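1. The following block contains a protein sequence and its predicted model.
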There are 2 protein chains.
Amino acid sequence: MMSTLSWLRRGISEIFPDQPDSSSADENLVQRLAQSDRPLRIKLGIDPTGADIHLGHSIPMRKLRSFQDAGHTAVLIIGDFTARIGDPTGKSEVRRQLTEDEVRANAQTYLNQVRPILDFDTPGRLEIRYNSEWLSSLDLSKILQLLATTTVGQMLAKEGFSERYDKGDPIYLHEFLYPLMQGYDSVAVEADVELGGTDQKFNIAIGRDLQRHFSLRPQFGLLVPILLGTDGVQKMSKSLGNYVALSEDALTMYSKLEKTPDTLLKSYFELLTDVPLDQLPENPREAQKLLALTIVTQYRGEAAAKHAQQDAIALVQGNTTQADTVPEFSLASVQFPAKLFFLVSASGLCKSSSDARRQLQGGAVKLDGEKVDDVDLTFETPESLIGKVLQLGKNKFVRFIA
Amino acid sequence: MMSTLSWLRRGISEIFPDQPDSSSADENLVQRLAQSDRPLRIKLGIDPTGADIHLGHSIPMRKLRSFQDAGHTAVLIIGDFTARIGDPTGKSEVRRQLTEDEVRANAQTYLNQVRPILDFDTPGRLEIRYNSEWLSSLDLSKILQLLATTTVGQMLAKEGFSERYDKGDPIYLHEFLYPLMQGYDSVAVEADVELGGTDQKFNIAIGRDLQRHFSLRPQFGLLVPILLGTDGVQKMSKSLGNYVALSEDALTMYSKLEKTPDTLLKSYFELLTDVPLDQLPENPREAQKLLALTIVTQYRGEAAAKHAQQDAIALVQGNTTQADTVPEFSLASVQFPAKLFFLVSASGLCKSSSDARRQLQGGAVKLDGEKVDDVDLTFETPESLIGKVLQLGKNKFVRFIA
């Protein structure tokens, strides 16, 4: 039993209910795990909106893998129903309505990115479900039943709603239905456990209520922390630029992780790797390298990780020719003469030309290890650039090719 | 135009919007009535819960008839969908779930009772619709759209909800859906006008919003007052005993209405008859008689009404043999010897034997015009009772038959 506990409890914020309560019939999660004569069903919901998956998203996914390895069934729920509806008020730019094809394509991209984490191959270990399967056939009488399980007061007490209500910001009625839809997913797949970030506690608890309402055994909630970004300050997020995406090339991933702030090292090891926490190197530089190597190995394999590590060392020393894992950028489509700031932007190192000019002026741009800060630097032909490595800051590189 | 206005405005509380507003494109109801090149569709929703219809319910129904007479289409919506769901929380005794057969039977009873009011016969003047026709096929994506038209704040501002929320009484989320369902009825039948009591303003306004959302011309609301009961104090209600049911026999109806309090006479004439209000008798007793005669004539025809009037006069004078419209109660199923208080209860004049004893002791019971207050009075055989009139209070009578 204690070995079960160690993988289960590593890096989690909360399991609830953690004490036997009346509704779960004298049982806690450890008991359910121990006593079940069938694989448990472990639910994780994902949003097929097409966003890049980053290490923050990998945390519940890795926990899901641990359950798979212990013989249980990962039930990955793709929230295609809501993605296809978009924002019914028509006011949100973010939640635009997606077509069925877009949703399927996004889901496929998502699955490709998490393929290194989950066990896709062992029979019975993975179930991928689209929630339109049950949500699109819900009728009004069933929906009234769902709504009748919850009071306005309970909804308004939820984090997010309460602040908005108190400020007088409009909350549209359909927003109250989303937690119930997520909860109904748990009913539909008969989840034993639902994984989620700490911000999901309310929704997972709604799932428990609905399962009880439909005479099912209520699921357990297993909450994992929200990951801090590589800046060590804010939560990891693409828009804040403090993220490591699972789709990034090995060198970029390695270079970012090799600079993980000391304050984050322990939690990154705990949440993102299986390295025993009593075996971490005492030297912080060694720990950074081990973290970077371990994580890149997980997603790109050991050979690619070691190669990326060598290239990172070479790049730091200015040996750009040795660093052959640097992502390539073809100059074939670039019109010459071309200004350097344009190349910094066109190659994807910066989001815009104006940003590229600022970075150049700020001294963040190197060409084959040499700082370049001449904003007007212009190349008449591509020849002199081919083979060289353009670098922005500490961990963004491209190698020019023909 | 003015003649249109006089029937339209008689006895109503409010027409809204009464001024042209941006949404109704420079139009008010009188203009829509005048300018439409097709019959307008006038919606009234009814609840097939099996309750007796009383004069309070007849007010919007009579207004509906006025629209029919002006050439428009009455759209009577039978709320079978909600009746068949009952109370999804399972907590309400009142809103128990009805079967399809019960709903159809209740609706038929309802229609039989309002048959004297509405024009059932002229082609195109009446449309009877069951709202399960469209509500049962609403799916989640449509329901999310409905919910997204309204905010939590708007719902909580509604009379009924606001008091409960402020007191901390639970409001279940599905309750927010009912006004939207009623509103969607207006979308489904493309109502031009919705009739209702003054307590329906919010729901009718929701109907306007939803019609606009679905690119239909928003309906007008026409609100009628809530009728005071024959006690002149509280609203007419079966449970308060201050009602006149449309299904009552002519004599009972006449007897109740003949005692209408003076303070109610004008509003009863205005709301329940077509008698011109400048032609009411000055003598209140004459007015009471005219009111009773006019209303009974509406529901039972002129001959029955006059007969009931004569019988009522005869009964007051103790001439019970003349009063041949007194409802009959057969003693065939009664076991003799029988106590009088039992007969008062068994004949339906009182709800229970204990109530019958109290009424006897209080002196409210007469037999052929003679007060009887002996609680132990017992009849050995039915013979001496046959033909006699048992009376409770001023307007409840039965005649014993074999």
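-> Thanks, I have the structure now.
2. any low-confidence regions in the stretch 1-150 of chain A?
-> A:1-4, A:19-27, A:90-95 (pLDDT under 70).
3. So which residues of it form strands?
-> A:14-16, A:41-46, A:73-78, A:126-130 (DSSP state E, counting those that start in this stretch).
4. Now the ones you listed in JSON lines, please, with extra columns for distance to B:Asp185 and mean neighbour count.
-> Just so you know, the C-beta spots here come from the backbone N, C-alpha and C atoms, and that holds for glycine as well. Formatted as JSON lines, the strands of the stretch 1-150 of chain A follow (distance: least, CB to CB, whole Å; neighbours: other CB atoms under 10 Å in any protein chain shown):
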{"stretch": "strand A:14-16", "distance to B:Asp185": "42", "mean neighbour count": "15"}
{"stretch": "strand A:41-46", "distance to B:Asp185": "35", "mean neighbour count": "23"}
{"stretch": "strand A:73-78", "distance to B:Asp185": "35", "mean neighbour count": "23"}
{"stretch": "strand A:126-130", "distance to B:Asp185": "33", "mean neighbour count": "17"}
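5. wait, which of those is closest to chain B?
-> strand A:126-130 (14.1 Å; CB to the nearest CB).
6. what's the distance between that closest one and the middle of its chain?
-> 18 Å (CA atoms, centre = their mean, to the nearest Å).
7. Kindly report the same for stretch A:301-311.
-> 22 Å.
8. what do you get for stretch A:279-292?
-> Distance of stretch A:279-292 from the chain centroid (CA atoms, centre = their mean) equals 23 Å.
9. do the same with stretch A:258-267
-> 18 Å.
10. For it, list the C-alpha coordinates in PDB.
-> Extracted as PDB, the C-alpha positions of stretch A:258-267 are listed here (Å, rounded to 0.1, in the frame of the first residue of the first chain):
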ATOM      1  CA  GLU A 258      18.800  24.800 -18.200                       C
ATOM      2  CA  LYS A 259      18.100  28.300 -16.800                       C
ATOM      3  CA  THR A 260      15.300  27.300 -14.400                       C
ATOM      4  CA  PRO A 261      15.500  29.700 -11.400                       C
ATOM      5  CA  ASP A 262      16.900  28.000  -8.300                       C
ATOM      6  CA  THR A 263      13.700  28.700  -6.400                       C
ATOM      7  CA  LEU A 264      11.800  26.500  -8.900                       C
ATOM      8  CA  LEU A 265      14.200  23.600  -9.200                       C
ATOM      9  CA  LYS A 266      12.700  21.400  -6.500                       C
ATOM     10  CA  SER A 267       9.100  21.900  -7.700                       C
END
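11. Give the buried residues for that stretch.
-> A:258, A:260, A:264-265 (16 or more other CB atoms under 10 Å in any protein chain shown).
12. Show the contacting residues for the spatially most central residue of chain A.
-> For chain A, A:His57 is the residue whose C-alpha lies nearest the centre (CA atoms, centre = their mean; 2.2 Å). By CB atoms under 8 Å, 6 or more residues apart in numbering or on different chains, the contact list for A:His57 reads A:Leu246.
13. Next one: it from A:Ala305, what distance?
-> With distances taken as CB to CB, to the nearest Å, A:His57 is found 20 Å from A:Ala305.
14. Show me the domain layout of chain A.
-> Listed by automatic domain parsing, the domain ranges of chain A are A:2-224, A:248-316, A:328-401.
15. Can you tell me which of the ones you listed is nearest to B:Asp119?
-> Closest to B:Asp119 of the domains of chain A, according to CB to CB: domain A:2-224, at 32.5 Å.
16. sorry, back to before: okay if I get the buried residues of stretch A:258-267 as TSV plus secondary structure and pLDDT?
-> Converted to TSV, the buried residues of stretch A:258-267 look like this (DSSP: H, G, I helix; E, B strand; the rest coil; pLDDT from 0 to 100):
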residue	secondary structure	pLDDT
A:Glu258	coil	94
A:Thr260	coil	95
A:Leu264	helix	95
A:Leu265	helix	96
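17. related to what we said a few turns ago, distance to B:Glu127 added to the domains of chain A, as CSV?
-> What follows is those, written out as CSV (distance: least, CB to CB, whole Å):
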stretch, distance to B:Glu127
domain A:2-224, 22
domain A:248-316, 64
domain A:328-401, 61
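18. Tell me which of those lies nearest to B:Arg104.
-> The nearest among those, by CB to CB, is domain A:2-224 at 17.8 Å.
19. What residue in chain A is the furthest from its centre?
-> A:Glu380 (42.1 Å).
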